[in-house]
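Colleague: the amino acid sequence is not available; the structure is as follows:
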């Protein structure tokens, strides 16, 4: 059998600056490690690293998770 993903609108932001991330992700799930100069995000699967150019997606249940740019652009299109 074949299945198709249901069309669902999501919110997302691309990590270009620290400000982008800090304004989009709730403070209680965002982790900044100054010694590494990287952000991590608390997800249902554990803490995940967010690298520059990654997208951070807010899921349909309010959860947040990172997504690599190539996967994001193959999976989502912008809603106008």
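Modeller: Yep, it's here. Note that this is a predicted model, so its numbers are computed, not measured.

Colleague: center of this structure - which residue?
Modeller: In the chain, the centroid-proximal residue (C-alpha atoms, centre = their mean) is residue 56; its distance is 1.4 Å.

Colleague: and that one, which of the three is it?
Modeller: strand (DSSP: H, G, I helix; E, B strand; the rest coil).

Colleague: touching, it and residue 63? I think so.
Modeller: No - shown here, residue 56 and residue 63 do not form a contact pair, counting by C-beta atoms under 8 Å, at 10.9 Å. (C-beta placed from N, C-alpha, C; glycine too.)

Colleague: can you give me the strands in this structure?
Modeller: 11-14, 30-33, 38-43, 46-50, 55-58, 64-67 (DSSP state E).

Colleague: can you list those strands in CSV and add mean pLDDT and distance to residue 75?
Modeller: Formatted as CSV, these follow (pLDDT from 0 to 100; distance: least, C-beta to C-beta, whole Å):
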stretch, mean pLDDT, distance to residue 75
strand 11-14, 96, 10
strand 30-33, 91, 23
strand 38-43, 93, 17
strand 46-50, 95, 17
strand 55-58, 96, 9
strand 64-67, 95, 8
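
Colleague: of all those, which one is nearest residue 74?
Modeller: For the strands of the chain, the distance to residue 74 is smallest for strand 64-67, at 10.2 Å, taking C-beta to C-beta.

Colleague: number of nearby residues for residue 49?
Modeller: Residue 49 is flanked by 13 other residues according to other C-beta atoms under 10 Å.

Colleague: same check, this time on the one 5 residues further on
Modeller: Burial of residue 54, expressed as a neighbour count using other C-beta under 10 Å, amounts to 21.

Colleague: can you pull the buried residues of stretch 55-73?
Modeller: 55, 56, 57, 58, 64, 65, 66, 67, 72 (16 or more other C-beta atoms under 10 Å).

Colleague: name the nearest of those residues relative to residue 19.
Modeller: For those, the nearest to residue 19 is residue 56 (13.1 Å; C-beta to C-beta).

Colleague: contact partners for that closest one?
Modeller: 12, 13, 15, 21, 24, 25, 41, 50, 64, 65, 66, 67 (C-beta atoms under 8 Å, 6 or more residues apart in numbering).
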